[in-house]
Structures are given as C-alpha cells and as structure tokens.
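Visitor: next one to model:
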Amino acid sequence: MTEEVNPAAKSASRWQLPRPIFWVQLSACAVVAWSLLHGGVSLAPPDEGSPAPPPALGAPVAHAPATSLAVAVPVLKSAEAALSSIDVTVARNDTLDRIFRRLKLNLADLASLRSLPGTRAALDSLRPGESLHFKHKDGELYGLERRLSDSETLKVSRDPDAGLKANVLTNPLEMRMRTVRGTIDRSLFEAVAAAGAHDQTAVALADIFGWDIDFVLDVRPGDAFVVSYPEMYRDGVYVKDGPIQAAEFVNQGHDYRAVRYTDPDGSSHYYTPDGKSMHKAFLRAPVEFSRVSSRFNSARYHPILNLIRAHKGVDYAAPIGTPVRAAGDGRIRFAGVKGGYGNVVEIEHSRSIVTVYGHLSHFAHGTHIGEHVTQGSVIAYVGMTGLATGPHLHYEYRVNGVFKNPQTVVLPGAAPIDANWREDFLAHSAPLLATLDIPAAGPMLVSR
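Guide: Predicted coordinates:
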C-alpha cells in the first residue's frame, strides 16, 4: 500500500535543515544584528591601505573630526590664493560708494565697514591721487588698506567668524636731524638742492623769512643760508623733510635768524632768537617766486598810454594762471572789472590799509564782495586784463588812501612770545639755534 504525501509538506521538507545547523545560523544572525545596533562592525569593505582591522565587539570607538588640521590649512591657503587684488587711485570727487560700485563690490560689505568703530571718518575723507588696495572674491570684500598718514595705515580684513574687522597699524617714522648750508648763485631752489636738501625745504625757508625778505626781488648772488630740519624715514626709506627747526638767512649783509617753538597750547610758530614773531600782518609779495617787471615809481613812462605816469605799485611778471594770495587778513571790498586794472580785487585790512591786485585772469572760488580772507589764501590768478602788455600781477599797498611802496613799507608785526612762556621758549630754542653754528654734517639719528 502506497502512502500518499502532501505536496506542500514535501516542498517544506526540501528546505528544512538539520536541527543543530539551524541553531548555529540563528545565533550568527543575532550576533550580526546586535553589532549593527551598537556600531561595532561595518559591513562596508575597508579602505585600501587601511592599517587596522575593525574593532572588536564591545570595544569603544573614537570618532574623528569632520575636518582635520592637515586638511584645513591647505583649504585656507587655497582660499587666499583665490582672492583678487586691485589697486585703485582715487579720482577727483571719488567716494568709497562710487569705488565699490565701479568695482562691483558688495555694497552690504561697505555698510558693514562703515559701521565699524572709527572707520567712517577714516574712509569718508578720500584724497585725490591716493592709492587704495582691495582684496575680494566674487565681489565679496576680504581686505582693504589705506594709508592714513605717513605713520598710520588702516587695514581691513575678514574674519571667518566675526566678519569684517578694522585695525590701524602704526609704523613710526624715524627722524634724522640734518643741518645744511649753502650760498646762492642763481636761485634759492638750486642752492638748496646743491646743499643736499629738497624743494619743500626751500619753500619752507622762503615762507619763514618771507615777511622780511622779498624772494623775488631781494635775493642776490652771494646770499647764504643755514637750515636745521629732520628728514623722515619709514623702514629705512626717505619719506619727506620735516618742519624746519632753526634757520638763518644772510641777505645783502643783513642776518636773519628764526627758530620754531611749540607753545604749551600746542601751537607752533617761528620767532626771532629774542622771542619776536617772524609772522607779520602782511606778506611782502603776494605771488611766489615770480619776477618784478616794474617797480614802484612816481614818474614811470607808461608803455601803452605813451606818457609819464606814476606807477603806484609793483608789477610781478608770472605765467597766466599763477595763484595770487591775499597779503593779509581782511575783507574783500571789491571784486570785478575796473578800468585799466581789468579784473581786480581790493581787500580792506585793519589800520586803514587796503591792498589791490590787478590784471587778473579770473577769480578764485569764494572771492566775492564782503567775504573775509586770511593771509596766504588764494584769491585769484595772474592774467593780462585791462591795460597790460603781458601777463603779470599789479600789486598796490595803500595806507589811509596814500600809496606806499610794497617792497619797502614797514609791515606791522605780530605779537611776541607770551611772557608766561618766555623762559620755556629760551630753554627750547637755545640748542636749536646752536645747530646753526655747527659745520654741516650728514644725517644724525634723533628718534625712532
């Protein structure tokens, strides 16, 4: 008799394992599941060259940081290398906003930059011709440098966490005192250059003695000078001449000396060795380093009118456009066209003094009737309007309506040194004036 077998039971028995093998496989599956839950075993194949096998079951596992130091440094260097650098020369009427727009930099960075303490004033007063250095990446600002002065630089950088930050770096100047002397052969500039100094010192020398000496008319071959001043250096490189500390000028046998003194209020001025101010109420000449073409003369032959006519002023020949400066503080009482003067400016000063400036090409901005001017400010420019045969300035000096020779009139002086400061002045000025008697030598290191 044949036993009949159920097909379903037959199929199941085909996959049924012996009982011992079944329990071994079940245990193995449990172990793998437990390891996965506790992170002890990775089913992924190890990296090539991996030196260590997977940790044992139950062993603590150390988790490495997402980015190691060895990886971060090259990333930072790569980011710096990707920055673009731009040097910008500031143009007239330029602002930082205009420069940012021109360079297509992020204006939000500009707003953040201007909100930093102390940076707004340092960035709003741009000077035409100065240089700014930018670093950016895709329009995002990463750096900005601006020279604030000879010894200070504003440096802006981007911090990964804090954003933009600004610092003022101080690079102190080194001062080297010099005493140079020279004799004039043809011009003050040539003599100063031959002595080893620079043009700016020649201009400063003329400014100091300009109230007593007309450097257009009075200087003669054989005149001599001695000047003590500091030269400024940054990192061993010459930057500029500092202010003159003491000077002497011998003009046609007359010896003039001046010394610089900074009073307790912080104001610096030049004085004679006995404390009288070098500053006078009026400049001797209202144009710098020009040429006298016609002197004060009560019986001069007029080249255009062809007759004898008094020349009640001094003519300074100079190129058209040469700046004309106010001889002293005062108020403009006339600015316009007047007969043979052409374009003319009249300034009324104290003590019933009036100065007149004629044949001007045009007036400076702000030169209007009623405006107050200060000594040395530019009021107009040399021209040849009116009765003039060539470009020059006609300059007059009147006292109570009487014409005086501008080259010889005694100019009112300024106040002497304050009596309370006289002792301090003498103590500070003595060693400076002594340098004028020492033979000229090379630069001497003063301070760093």
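Visitor: contacting residues around the residue nearest in space to the middle of the chain?
Guide: Geometric centre of the chain, nearest residue: residue 149, 4.8 Å, by CA atoms, centre = their mean. Residue 149 sits next to no residue when contact means CB atoms under 8 Å, 6 or more residues apart in numbering. C-beta here means a position set from N, CA and C on the backbone, and glycine is covered the same way.
Visitor: likewise for residue 231?
Guide: Applying CB under 8 Å, 6+ apart, the residues contacting residue 231 are 175-176, 178, 238, 240-242, 443.
Visitor: just confirm it is within a strand.
Guide: Yes. Assessed with DSSP: H, G, I helix; E, B strand; the rest coil, residue 231 lies in a strand.
Visitor: so where is the stretch 301-448 of the chain shaky, pLDDT-wise?
Guide: 301-311, 439-448 (pLDDT under 70).
Visitor: same thing but 80
Guide: Applying pLDDT under 80 to the stretch 301-448 of the chain flags residues 301-311, 413-415, 438-448.
Visitor: tell me which stretches of it form strands.
Guide: Under the criterion DSSP state E, counting those that start in this stretch, the stretch 301-448 of the chain contains strands at 307-311, 314-317, 323-325, 330-337, 343-348, 353-363, 372-373, 378-382, 392-399, 402-404, 441-447.
Visitor: would you mind giving those strands as CSV with distance to residue 287 and mean neighbour count added?
Guide: Shown next, in CSV, are those (distance: least, CB to CB, whole Å; neighbours: other CB atoms under 10 Å):
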stretch, distance to residue 287, mean neighbour count
strand 307-311, 17, 12
strand 314-317, 5, 22
strand 323-325, 6, 20
strand 330-337, 17, 16
strand 343-348, 13, 22
strand 353-363, 9, 22
strand 372-373, 15, 16
strand 378-382, 7, 21
strand 392-399, 6, 22
strand 402-404, 18, 14
strand 441-447, 34, 11
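Visitor: run the chain-centre distance for stretch 102-120.
Guide: 20 Å (CA atoms, centre = their mean, to the nearest Å).
Visitor: go through it and flag the buried ones.
Guide: Across stretch 102-120, burial judged by 16 or more other CB atoms under 10 Å covers 105, 109-110, 112-113, 116, 119.
Visitor: just stretch 195-212 next, same as before
Guide: 195, 197-198, 201-212.
Visitor: which one of those residues is nearest residue 252?
Guide: Nearest to residue 252 among the buried residues of stretch 195-212: residue 212, at 11.6 Å, using CB to CB.
Visitor: secondary structure element holding that closest one?
Guide: Using DSSP states H and E, residue 212 sits within no helix or strand.
Visitor: who's the nearest residue to it once chain neighbours are set aside bridged to?
Guide: Among residues not flanking residue 212 along the chain, residue 256 sits closest, at 5.8 Å (CB to CB, 6 or more residues apart in numbering). In this entry, residue 256 is beta-bridged to residue 249, by DSSP bridges.
Visitor: quick check: residue 256 vs residue 420, distance?
Guide: 26 Å (CB to CB, to the nearest Å).
Visitor: ok, these two, which is more surrounded?
Guide: residue 256 (17 against 9; other CB atoms under 10 Å).
Visitor: mind listing what the more buried one touches?
Guide: 209, 212-213, 248-250.
Visitor: just checking, what packs against the helix or strand hosting residue 247?
Guide: Element membership of residue 247 [criterion: DSSP H and E] is strand 246-251. Secondary-structure packing of strand 246-251 (3 or more CB pairs under 8 Å, 6 or more residues apart in numbering; DSSP states H and E): helix 199-209, strand 224-234, strand 254-262, helix 422-434.
Visitor: among those, which is nearest residue 166?
Guide: The nearest among these, by CB to CB, is strand 224-234 at 21.3 Å.
Visitor: next SSE after the closest one?
Guide: Per DSSP H and E, the helix or strand that comes after strand 224-234 is strand 237-241.
Visitor: phi and psi next, for residue 109.
Guide: phi -70, psi -40 (degrees, to the nearest 10).
Visitor: so it makes contact with residue 138?
Guide: No. Using CB atoms under 8 Å, residue 109 makes no contact with residue 138, being 11.8 Å away.
Visitor: okay, now the residue lying closest to residue 154 once chain neighbours are set aside: neighbour count?
Guide: With sequence-adjacent residues excluded and distances taken as CB to CB, 6+ apart, residue 154 is closest to residue 146, at 4.7 Å. Neighbour count of residue 146, defined by other CB under 10 Å: 20.
Visitor: look at residue 146 and report its pLDDT.
Guide: With respect to pLDDT, residue 146 has a value of 89.
Visitor: tell me the SS of it?
Guide: strand.
Visitor: check contacts around it.
Guide: Here residue 146 is in contact with 122-123, 130, 132-133, 153-154 (CB under 8 Å, 6+ apart).
Visitor: residue 328: which of those residues is nearest?
Guide: Nearest to residue 328 among these, with distances taken as CB to CB, is residue 130, at 33.2 Å.
Visitor: phi first, then psi, for that closest one.
Guide: Note on residue 130: backbone dihedrals following degrees, to the nearest 10 are phi -80, psi 160.
Visitor: now for the residue nearest to it when sequence neighbours are not counted: which residues touch it?
Guide: Spatial nearest neighbour of residue 130, excluding adjacent residues (CB to CB, 6+ apart): residue 90 at 5.1 Å. Residue 90 makes contact with 99, 126-132, according to CB under 8 Å, 6+ apart.
Visitor: 10 Å - rerun?
Guide: By CB atoms under 10 Å, 6 or more residues apart in numbering, the contact set of residue 90 is 96, 98-99, 126-132, 146.
Visitor: isn't residue 238 up against residue 196?
Guide: No. Counting by CB atoms under 10 Å, residue 238 sits too far from residue 196 to count as a contact (11.8 Å).
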